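> here is a sequence together with a model predicted from it:
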Amino acid sequence: MARPRTTITTGAGERRSATDPVSAFRRAHGPTWLVAAAIYGGWTALTLLHDRIPLPALALLGGIVIAWHGSLQHETIHGHPGGPPVVRGLLGAPPLSLWLPYGVYRETHRRHHATAHLTDPAHDPESSFRSREQWAAAGPIERALALTLRTAVGRMALGPLVTVARFVAAEALAAARGTPGRRRAWAAHGLSVLVVLAWLHLVAEMPLWKYVVAFVYPGASLTLLRSLAEHRSDRARERRTTVIEAGLFFRLLFLNNNLHAIHHRRPELPWFELPSAWERERAAFTARHPDLVRRGYLTLVSRYALHPISPPELVSSAEPLPEPERLLASAPLPEPALRAPVELR
């Protein structure tokens, strides 16, 4: 007797055979593995051929690879691809950006998803906003810099330098205070960076300054473009995350993280499942929050090139915690679920 064919139901409600090659490929996280191969293969080729590529072209391609790698790291933090955590760690841990330890990124990003007080710097370790008290105490230079970093040009041109400097200073303070796991994360990061530097110096024969200029800095600029509009300050919790309906290039570069409201509602979904989830929610979401849907990154840049997208000050602030969540690294979060999803409707 022939065995019955097992079927699965996709997000759109259509039934598809479990033996369908496309379904099997997606269940195996094939799209993510292809992206990983393209990233590491592209990085290897670009570093080996750096002296044959004009610096402007190298900066464009190198920046894309580094930003794309950051998107891949983000996927691994959310449990994709499936399988043993050690495999995801090996896939996401290589420090191609040089400055961001994977262990620290994993911890702070999971807290970003876990907090009920999104965008509040006392609770959200990834917030770019200032509390009312912080903004009132800021001097004219600090205010001018904060406003500049809320523009597209300022964020992409100065953002990497400011972001890295502030991050390293905050991490040094956390390590000095004895925040659990920080010293171990930085030690592991340092050893991994030595491997990258050994490749650049001994194999690719690429000067460090050139790697910073052509890979690290433009990669951070593109990543900061993605985060320019993904969160906003609002009294209503469901209005603090947006959607940018980007074109194919930016969707692939950011692995659909431009659909940020859907990502925060369903953080367990792999990147290639987010578009179908957005299509199911789009009509209801846009009817309720039409101002939270933006039309592409080029439109965003042209509109906010020199004009701040929003004030750096929080519209409202939650009650302060005894100690900021960013210092509470000793309380591990469950895996893979980060928190209960927030309804968009």
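Noted; the coordinates are in hand.

> just the helices in the stretch 201-345 of the chain please.
208-211, 217-227, 248-253, 260-265, 274-288, 297-304 (DSSP state H, counting those that start in this stretch).

> relative orientation of the second one and helix 297-304 in degrees?
When axes from the mean of the first three to the mean of the last three Cα atoms, to 10 degrees is applied, the directions of helix 217-227 and helix 297-304 differ by 80 degrees.

> name the single longest helix found in this protein.
helix 152-176 (DSSP state H).

> tell me the mean pLDDT for it?
Helix 152-176 shows a mean pLDDT of 96.

> who are the packing partners of that helix?
helix 140-148, helix 182-198, helix 217-227, helix 297-304 (3 or more Cβ pairs under 8 Å, 6 or more residues apart in numbering; DSSP states H and E). Yep, even glycine has a C-beta here, placed from its N, CA and C like the rest.

> that older thread, Tyr102: which of the helices of the stretch 201-345 of the chain is closest?
Nearest to Tyr102 among those is helix 217-227; the distance by Cβ to Cβ comes to 14.7 Å.

> how far does that closest one sit from the chain's center?
How far helix 217-227 lies from its chain's middle: 10 Å, per Cα atoms, centre = their mean, to the nearest Å.

> repeat that for stretch 249-267.
On the basis of Cα atoms, centre = their mean, stretch 249-267 sits 9 Å off its chain's mean C-alpha point.

> output that stretch as CSV, nothing but the C-alphas.
Output of stretch 249-267 as CSV, limited to C-alpha atoms (Å, rounded to 0.1, in the frame of the first residue of the first chain):
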residue,chain,number,x,y,z
PHE,A,249,18.3,45.2,-2.7
PHE,A,250,17.6,46.6,0.8
ARG,A,251,15.3,43.7,1.7
LEU,A,252,18.0,41.2,1.0
LEU,A,253,20.8,43.4,2.6
PHE,A,254,18.8,43.7,5.8
LEU,A,255,17.3,40.2,5.5
ASN,A,256,13.8,41.7,5.7
ASN,A,257,14.5,43.4,9.0
ASN,A,258,13.0,46.5,7.4
LEU,A,259,9.7,44.8,8.3
HIS,A,260,10.5,45.6,11.8
ALA,A,261,7.1,45.7,13.4
ILE,A,262,6.4,42.2,12.1
HIS,A,263,9.9,41.1,13.3
HIS,A,264,9.1,42.3,16.8
ARG,A,265,5.8,40.6,16.9
ARG,A,266,7.1,37.3,15.5
PRO,A,267,10.9,37.2,16.4
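
> please point out which parts of it sit buried.
Using 16 or more other Cβ atoms under 10 Å as the burial criterion, the residues of stretch 249-267 that qualify are 250-267.

> do the same with stretch 161-180
For stretch 161-180, burial by neighbour count (16+ other Cβ under 10 Å) applies to 162-164, 167, 171, 174, 179.

> next one: stretch 111-123
For stretch 111-123, the neighbour count (16+ other Cβ under 10 Å) marks 111-115, 117-123 as buried.

> please list the members of those residues that lie in helices.
111-114.

> got TSV for those residues, with pLDDT and distance to Pro31 too?
Listed next are those as TSV, based on pLDDT from 0 to 100; distance: Cβ to Cβ, whole Å:
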residue	pLDDT	distance to Pro31
Arg111	94	27
His112	95	24
His113	94	22
Ala114	93	27
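
> so can I have TSV of those residues showing distance to Phe129?
Formatted as TSV, these follow (distance: Cβ to Cβ, whole Å):
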residue	distance to Phe129
Arg111	16
His112	13
His113	17
Ala114	18
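
> Val212: which of the residues you listed is nearest?
When these are compared against Val212 (criterion: Cβ to Cβ), the nearest one is His112, at 26.6 Å.

> next, find the distance separating the closest residue to that closest one other than its chain neighbours from His289.
Leaving aside its sequence neighbours, His112 sits nearest to Glu126 (Cβ to Cβ, 6 or more residues apart in numbering; 4.2 Å). With distances taken as Cβ to Cβ, to the nearest Å, Glu126 is found 21 Å from His289.

> just to revisit the earlier point, orientation of the longest helix of the chain relative to helix 297-304 in degrees?
Orientation check (the same axes, to 10 degrees): helix 152-176 against helix 297-304 gives 100 degrees.
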